[in-house]
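# Please work out how this folds:
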Amino acid sequence: MKILRFWDKSSRNPLVILLFIGIVLAAGAVIKAPFSVPSPIYLDDARAFLRGDGTIPVYSKIGYTAFLIIALKTAGISTVFLGQAACYLCVLTAAYIILLIFKVERRLVFFTVLLISFHPYLIFNIKRITDSNLAVPLFLLLIIAILHFKGRTVGYRAIFLTGFLIGYAYLVRPNLSFIFLYVIFILYKNKNIITRKKIYGAATIISLALILTAVISLLIRGRVVLLTSDGAFTFFSGANRYTATALKENLNTVQAVRKPLQEHGIFTKPSRVKASVFTRLAVEYITEHPFQYVYLSGLKIVTFFRPDYRKLATSSTIRSTLLLAIIQTLIALPFPIWILFRLRFGSAGGKDGWDTKLAVPILILYVLPFAVTSVDPRYRLPLDIFLLLDAAACWSCHRRSVKVKTGRDTLICESDSI
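Residues are numbered from 1 along each chain as shown. Model (predicted):
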């Protein structure tokens with residue numbers, strides 16, 4: 001697949017318009033949106049590193065922190081906003097490319113990306129300290145990598161870039177790196193690549209991902225740390241007898257840690273507890289209550305996809321509680337819309353049509369880590385954007401198949417032949 005083959009004049013002009021709209025929205029967010037820090041640990045770690053107050057603790061993920069360090073060192077907090085605005089524009093560009101690869105009708109491509117450009121979280125996150133600013137573009141770039149690996153040939157440059165992309169995605173949000181499994185699977189299934197190159201490609205991707213992780217860890221932490229202890233923390237927070245209550249009350253399991261630790265005679269701060277202790281206690285609970293853990297996993301998935309009404313009374317961006325409730329409900333619609341479209345139009349195109357098998361494994365690989373460990377609706381944003389793109393492709397292919405049946409068009413919505 002050659003992405004540049006899409007860059008004819010009819011493709012460039014709509015993207016230029018969309019990016020202009022995106023620049024206007026991003027500028028408005030930087031000027032008017034209030035600055036907030038929903039994830040203060042990243043900013044605290046970055047500032048501590050720049051002050052020389054020691055290395056970043058093993059507990060923290062460092063992908064987004066590394067971004068903040070570079071931005072703050074360049075020209076302060078304003079550079080962070082500019083960098084996050086660039087990430088927002090990257091989301092729009094990546095979404096546009098994915099829809100072109102899916103051979104979605106050009107008008108539908110334009111209006112789908114336009115809809116995404118007005119997503120409240122994408123806009124207001126430009127002025128917020130949250131790793132979602134990197135997670136969304138990284139996830140969409142991984143999708144483009146998968147689509148590239150489904151093509152007839154895969155070059156060494158693509159293999160190298162994918163390795164670095166997976167490595168950095170792991171540092172930002174470890175669950176994103178699970179998509180790596182699908183990349184390797186697609187590489188293995190590609191009949192146009194010889195076996196030796198498949199082995200070389202898989203080994204190179206894994207090696208480069210590990211090298212990038214180790215190098216960034218060494219530069220920021222002062223030592224190589226491939227596994228952060230917060231993984232064990234979230235595992236335990238999602239596997240104890242307080243998990244269900246925390247999910248129902250807070251939509252996450254952060255508050256389900258101190259009490260069970262105290263019941264086991266551990267009264268130190270959770271950030272000081274060894275990862276092995278969290279893992280042991282979680283495994284003990286799962287072994288003793290397997291059916292309850294299955295129930296908790298289901299509850300996590302429901303929580304993951306439900307509207308987030310936690311900030312109805314505390315939002316500093318939107319004062320109207322009713323308006324905020326409506327917005328949060330709309331934000332949660334991509335998954336049910338995707339389900340509806342796939343059930344109604346998912347088989348459109350037949351054998352040679354648009355690839356209906358792409359979204360399901362990506363959905364499973366994205367959600368599974370949250371079902372096993374812990375969850376929060378805010379982590380759904382990258383998946384929401386992709387599901388909107390997949391739904392648009394599904395609808396476009398259905399429209400194309402209807403035209404084929406009536407003799408008004410030819411079916412060209414397949415993605416496998418790109």
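# export stretch 82-95 as PDB, just CAs?
This file holds the C-alpha atoms of stretch 82-95, laid out as PDB (Å, rounded to 0.1, in the frame of the first residue of the first chain):
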ATOM      1  CA  LEU A  82       1.300  24.000  20.700                       C
ATOM      2  CA  GLY A  83       2.500  20.500  20.800                       C
ATOM      3  CA  GLN A  84      -0.900  19.200  21.800                       C
ATOM      4  CA  ALA A  85      -2.600  21.300  19.100                       C
ATOM      5  CA  ALA A  86      -0.200  19.600  16.600                       C
ATOM      6  CA  CYS A  87      -1.300  16.200  18.000                       C
ATOM      7  CA  TYR A  88      -4.900  17.200  17.400                       C
ATOM      8  CA  LEU A  89      -4.200  18.100  13.800                       C
ATOM      9  CA  CYS A  90      -2.400  14.700  13.500                       C
ATOM     10  CA  VAL A  91      -5.600  13.000  14.600                       C
ATOM     11  CA  LEU A  92      -7.600  14.700  11.900                       C
ATOM     12  CA  THR A  93      -4.900  13.800   9.200                       C
ATOM     13  CA  ALA A  94      -4.700  10.200  10.400                       C
ATOM     14  CA  ALA A  95      -8.500   9.900  10.400                       C
END
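# Quick one: residues contacting residue 172.
Contact partners of residue 172, counting by C-beta atoms under 8 Å, 6 or more residues apart in numbering, are 61, 63-64, 131, 134-135, 138. From N, CA and C alone the C-beta is placed, and that goes for glycine too.
# And the closest residue to it other than its chain neighbours, how far from residue 203?
With sequence-adjacent residues excluded and distances taken as C-beta to C-beta, 6 or more residues apart in numbering, residue 172 is closest to residue 63, at 3.3 Å. According to C-beta to C-beta, to the nearest Å, residue 63 and residue 203 sit 23 Å apart.
# How confident was the prediction at residue 348?
If you check residue 348, the pLDDT there is 53.
# in the protein, what spans have low per-residue confidence?
Residue ranges of the chain with pLDDT under 70: 1-9, 54-55, 152, 311-319, 346-355, 403-418.
# domains in it, as residue ranges please.
3-228+306-405, 229-305 (automatic domain parsing).
# where exactly do the strands run in this structure?
Counting by DSSP state E, one finds no strands in the chain.
# Let me see the contact set for residue 143.
Contacts of residue 143 by C-beta under 8 Å, 6+ apart are 94, 98, 179, 362, 386.
# which of residue 63 and residue 203 has more neighbours?
Neighbours were counted for residue 63 and for residue 203 using other C-beta atoms under 10 Å; residue 63 has more, 23 against 12.
# Residue 168 is in contact with that one, correct?
Yes. Counting by C-beta atoms under 8 Å, residue 63 touches residue 168, with 6.0 Å between them.
# which neighbours do these two share?
In contact with both residue 63 and residue 168: residue 216, using C-beta under 8 Å, 6+ apart.
# Throw the contacts of residue 143 into TSV and include neighbour count and distance to residue 155, thanks.
Converted to TSV, those look like this (neighbours: other C-beta atoms under 10 Å; distance: C-beta to C-beta, whole Å):
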residue	neighbour count	distance to residue 155
94	23	19
98	26	19
179	22	20
362	21	23
386	25	24
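# From the residues you listed, which land in helices?
Judged by DSSP state H, the contacts of residue 143 include 94, 98, 179, 362, 386 as members of helices.
# Quick one: residues contacting the first one.
This means residue 94. 137, 140-141, 143-144.
# what residues are up against residue 87?
133-134, 136-137.
# gap between it and residue 211?
As judged by C-beta to C-beta, residue 87 and residue 211 stand 24 Å apart.
# Considering the contacts of residue 143, which is situated nearest to residue 402?
Relative to residue 402, the closest of these is residue 98; by C-beta to C-beta it sits at 22.9 Å.
# Could you export the ones in helices among the contacts of residue 143 to TSV, including columns for distance to residue 278?
Shown next, in TSV, are the ones in helices among the contacts of residue 143 (distance: C-beta to C-beta, whole Å):
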residue	distance to residue 278
94	35
98	37
179	25
362	29
386	31
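# Could you check how far residue 218 is from residue 174?
Residue 218 is 18 Å from residue 174, by C-beta to C-beta.
# quick one: the helices in the stretch 151-300 of the chain?
156-172, 179-189, 195-221, 230-237, 243-250, 258-263, 275-288, 290-305 (DSSP state H, counting those that start in this stretch).
# Relative to residue 45, which of the ones you listed is closest?
Comparing the helices of the stretch 151-300 of the chain by C-beta to C-beta, helix 195-221 comes nearest, at 8.6 Å.
# buried ones in that closest one?
For helix 195-221, a neighbour-count test (16 or more other C-beta atoms under 10 Å) marks 197-198, 201-202, 204-205, 208-210, 212-213, 216-217, 220-221 as buried.
# I'd like the contacts of residue 172 laid out as TSV, including distance to residue 309.
Shown next, in TSV, are the contacts of residue 172 (distance: C-beta to C-beta, whole Å):
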residue	distance to residue 309
61	27
63	29
64	26
131	22
134	26
135	22
138	28
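# Drop anything exposed from those residues.
61, 63-64, 131, 134-135, 138.
# so who does residue 146 touch?
179, 182-183, 186, 358, 362.
# Go again with 6 Å.
Counting by C-beta atoms under 6 Å, 6 or more residues apart in numbering, residue 146 makes contact with 183, 186.
# now residue 119: how far from residue 42?
Residue 119 sits 21 Å away from residue 42, going by C-beta to C-beta.
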